[in-house]
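S.K.: What follows is a predicted structure for the sequence shown.
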Amino acid sequence: MKKSKADPKGVLTGSHFMDGDYALAEGALAAGCRFFGGYPITPSTETAERFSERIPVVGGVFIQMEDELGSIASLIGAAWGGLKAMTVTSGPGFSLMQENIGLACMLETPLVIANVQRGGPSTGLPTLTSQQDMMQARWGSHGDYEIIALSPDSPQECFDMTIKAFNLSELFRVPVFVMTDECVGHMHEKVVIPPAEEIEIVERKWYKGPKDKYLPYKCDSDGIPFMVKTGQGYRFHITGLTHDERGYPLLNAECQKINVQHLIDKIKNNADKIIEMEEEQIDGAEVIVLSYGITSRVAFRAVQQARKEGIKTGTIRLITVWPFPEKKIEELAKKVKAIVVPEINAGQVFLEVDRCSRNKCKVVSVPHLGGWVHNPDDIFKAIKEAVK
Amino acid sequence: MTEKKQPQRNPVERILRMDRMPHIWCPGCGIGTVVTSFAEALRKEETDLDNIVVVSGIGCTGRVAGYMKLDSFHTTHGRAIPFATGLKLANPKTKIVVFSGDGDIAGIGGNHLIHAARRNMDMLVILVNNFNYAMTGGQVAATTPIDANASTAPFGNFEYPFNLPHLVASAGGTYIARWTALHLRRVTKSIQEALHRRGFSFIEVITPCTTLYARRNRLGDGLNLLKYYYDNSEIQHNADTKDLDITYQGKLIVGKFVDKEKPTFLDAMNQHLSKVLGDKYTPYGEVK
Amino acid sequence: MTEIRFSGYGGQGIIRCALIGGKALSIYGGKFSTMNQSFGPEARGGACSSQLIVSDERVLYPYITRPDILVSMSQEAYEKYQNELKDNGLLITDTDLVKPKTERKNITHYSVPATRFAEELGNRIIANLVMMGFFTAVTKITTPDVMKKALPGLVPDRFLDLNKKAFDKGYEYGLEVLKEKTQ
Ligand SMILES: Cc1ncc(C[n+]2csc(CCOP(=O)(O)OP(=O)(O)O)c2C)c(N)n1
Ligand code: SF4
Ligand SMILES: [Mg+2]
């Protein structure tokens, strides 16, 4: 892995009072993103607007595409043209992107998509929050594949996690999703942008060997193939069909197994390195509240109340939602009475927690169908009920 | 360079991935002939092959990218043009050629086609029009002439087809030509010309799909179709694009219809932002 | 923790009030602050509102539940929000634009003719800055200098001085009002 410092041109060092949407754009620019292709959609539009204003003076290109099908396609192209690329969207646009998210996975293309989630299905609640696309982020495209998804809980984390998203996407050559939501996207808080030299950037894994020896999908010792960009004489071929190391289509079960298994393994086998979470008062807890994004802030009120009433309550905040911390949950489930999972959807990550707990503890979903954050009382009641 | 010292090899061989031959196309299929014209154009122009990028969508024609010994991308159905847009904008020095089918570019990808033309995005689109969705078995397409039979129009097609040169001209394309698989030298020449144009160039090539379109419509083999092109095509350079409708087994007006200059997307972006932002703006990429 | 709602009608700079307050307090005032505005159907039509939460610790729950302070610059907004004001809360209104119907007994009410002052200064568009000055004086939430530091970037450069003047006007009036109360 080659690391470097951020290019100061893209880094707006200082303290800002900024919303999450703007912070996504600033994080991307700090991470070295120089291509944005997108299509306006509430509540993510402010990110596109920010890019359109900032990217010309930073030395990149902004293009408002004709739709989200085009946005994601342009991103994959831009990545193979040599740039770091990002788009931002919300539910309906995320749905339109799904086919080419699969292409990005298949081509092992680093890129970042932020989804500022709003209530669905369909047009749903354009201006109001939800966390209803978490499973879509994991499974939205067809076929078997793995992606990485992060969940920021504040504008500051929108900035930090977008940088992290770019770094992970370069490291594993995979699309990375920043799964934020309307509440965080539209919320203004202090965002501290450090000096460029304090921001660590993962460089693309460029191939440097002889031109005629380049094999686009031959894995290096770390399991990740080298990348090249267009126009340099490699004359390489890339296809969304099942392919061999040369990037040539090979349509049979054997090649499919190698190709797809690789897409899965490069994430699964590195899950421990990728997964990040915040834990609090886990030791000796009888109940754990597991949440992510804005809901973890809301849940904390309920947690404080529960602790006041003497319930030993621990918390886990997922920073990485995908890949899922399977082992961690399995371990925890053996030690606690219950895991309570509030989220602004009908119970999506709950399903994962439930699966990983292997019936060793109670797993309680605290759903909210979107439009607002939870009432902390509802979470508190669930905690109380769970330890009965 | 070194490559020029191998006159004994078929000159297009250095442009094709010979390690992927034989190709998948049927005998008598017209796609391969368009590829030959493309390779020939690159050879004649002594184009720096390292700088050419081919992008295809999905379909029989979509397989073209896979056979070109160039930087080449086989993408998803309909999305070759936006993919190419990203490639071009990220690496403006490259010359982008989108090579795909009528269904891919004008059907499922039609929105991208008109928008890339509107922006005058600098790329050459070669559209192989075989009047149907061949790869999936000969379904009706946005280009199928009225009355022609297709697997999903078993009683004949009754939908109005696109007049593609007119569509692209209206949207803003700056180089527009149409030929048939009979006019290979013309196709080559058009590609040669278009390679030198900056802006959105569009070449439609009408080709035989022997296995599906021709068989289902009992039009005979490849030769019969070439004969049809021979008997019915008429070269009318600069014809008004609105007069270019295609009817079933009717007249085919071919030629170069549009050839003009206009700032490309990047030209316009650089000119505009330089004007508005002044010294704060450094023109992006390679400006002329 | 202090929960504040700024309210009025569109075009009065209600959102800006919360942005100025939030920026000032979190960046220059050593506090944590979270600012939100209404999006969605609620944001259309007459009443406009923005929310600000100020705290010595990180703000967790992102929305106000019952404001400690309600600033209302229109009758409609006042009527819409006055019920949610906490007991012992502080109500701040534009003297000329809001006529409180039944004075709630358990709240403190201050008012400032912000729009009139702004007009006297030459432009009613800066009424929100008069209000922010007044707000700063009567709430003592931070110093006027801290508030004014937040203005660059949030008001047009060429109107910076005028905005500061409006702020000072409101602030001074606020001090006077306070003095009268204590006498
Ligand atoms: C999203 C999607 N829908 C449908 C298909 C199936 N499909 C593959 S090729 C094709 C039609 C191709 O037609 P055309 O572009 O005219 O190419 P041709 O095979 O005729 O050369 C279709 C519908 C697909 N691959 N992806
Ligand atoms: S099906 Fe038609 S278009 Fe496809 S290869 Fe055969 S002849 Fe060509
Ligand atoms: Mg076709």
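M.R.: Okay, I see it. Numbers count the residues shown, from 1 in each chain, chains lettered A, B, ... in the order given. Ligands and ions are numbered 1, 2, ... in the order given.

S.K.: would you list every one of the helices in chain B?
M.R.: For chain B, the helices defined by DSSP state H occupy B:31-44, B:64-67, B:80-90, B:102, B:110-119, B:164-171, B:184-196, B:215-216, B:222-232, B:265-277.

S.K.: So which of the ones you listed is the most surrounded?
M.R.: helix B:80-90 (a mean of 31; mean count of other CB atoms under 10 Å in any protein chain shown). C-beta coordinates here come from the backbone N, C-alpha and C atoms, glycine included.

S.K.: Give me the sheet partners of the host helix or strand of residue A:88 and which way each runs.
M.R.: Secondary structure assignment for residue A:88, by DSSP states H and E: strand A:84-89. Strand pairing for strand A:84-89, using DSSP bridges, gives strand A:33-38 (parallel), strand A:111-119 (parallel).

S.K.: Mean confidence (pLDDT) on it, please.
M.R.: With pLDDT averaged residue by residue, strand A:84-89 scores 98.

S.K.: Beyond it, next helix or strand please.
M.R.: helix A:91-107.

S.K.: Identify the spatial nearest neighbour of residue 192, chain neighbours not counted.
M.R.: Assuming you mean chain A. residue A:15 (5.2 Å; CB to CB, 6 or more residues apart in numbering or on different chains).

S.K.: Sorry, I should have been clearer: chain B.
M.R.: Nearest to residue B:192 is residue B:41, by CB to CB, 6+ apart, at 4.6 Å.

S.K.: circling back: if we look at the strand holding residue A:88, which residues are touching it?
M.R.: Identification of contacts with strand A:84-89 by CB atoms under 8 Å, 6 or more residues apart in numbering or on different chains yields A:21, A:24-25, A:28, A:31-39, A:41, A:44, A:47-48, A:51, A:68, A:71-72, A:74-76, A:78-79, A:97, A:110-116, A:162, A:166, A:170, A:204, B:86, B:90.

S.K.: mind running it again at 7 Å?
M.R.: A:24, A:28, A:31-38, A:41, A:44, A:47-48, A:68, A:71-72, A:75, A:78-79, A:97, A:111-116, A:166, B:86 (CB atoms under 7 Å, 6 or more residues apart in numbering or on different chains).

S.K.: buried subset of those residues?
M.R.: Neighbour counting over the contacts of strand A:84-89 (16 or more other CB atoms under 10 Å in any protein chain shown) leaves A:24, A:28, A:31-38, A:41, A:44, A:47-48, A:68, A:71-72, A:75, A:78-79, A:97, A:111-116, A:166, B:86 as the buried ones.

S.K.: The closest residue to residue A:31 other than its chain neighbours and ligand 3, how far apart?
M.R.: In this structure, residue A:31 finds its nearest non-sequential neighbour in residue A:166, 3.7 Å apart by CB to CB, 6+ apart. For residue A:166, the distance to ligand 3 (CB to the ion, to the nearest Å) stands at 39 Å.

S.K.: now residue A:166: how far from chain B?
M.R.: Note on residue A:166: its distance to chain B, by CB to the nearest CB, to the nearest Å, is 15 Å.

S.K.: Ok, residue C:35 next?
M.R.: 29 Å.

S.K.: Is that residue within a helix or a strand, and which one?
M.R.: Using DSSP H and E, residue C:35 falls in strand C:32-37.

S.K.: packing partners for that strand?
M.R.: helix C:14-23, strand C:47-55 (3 or more CB pairs under 7 Å, 6 or more residues apart in numbering or on different chains; DSSP states H and E).

S.K.: for the nearest residue to residue B:123 once chain neighbours are set aside, what are its contacts?
M.R.: Spatially, and ignoring its direct neighbours in sequence, residue B:123 is nearest to residue B:96 (4.2 Å; CB to CB, 6+ apart). By CB under 7 Å, 6+ apart, the contact set of residue B:96 is B:53, B:55, B:84, B:87, B:88, B:123.
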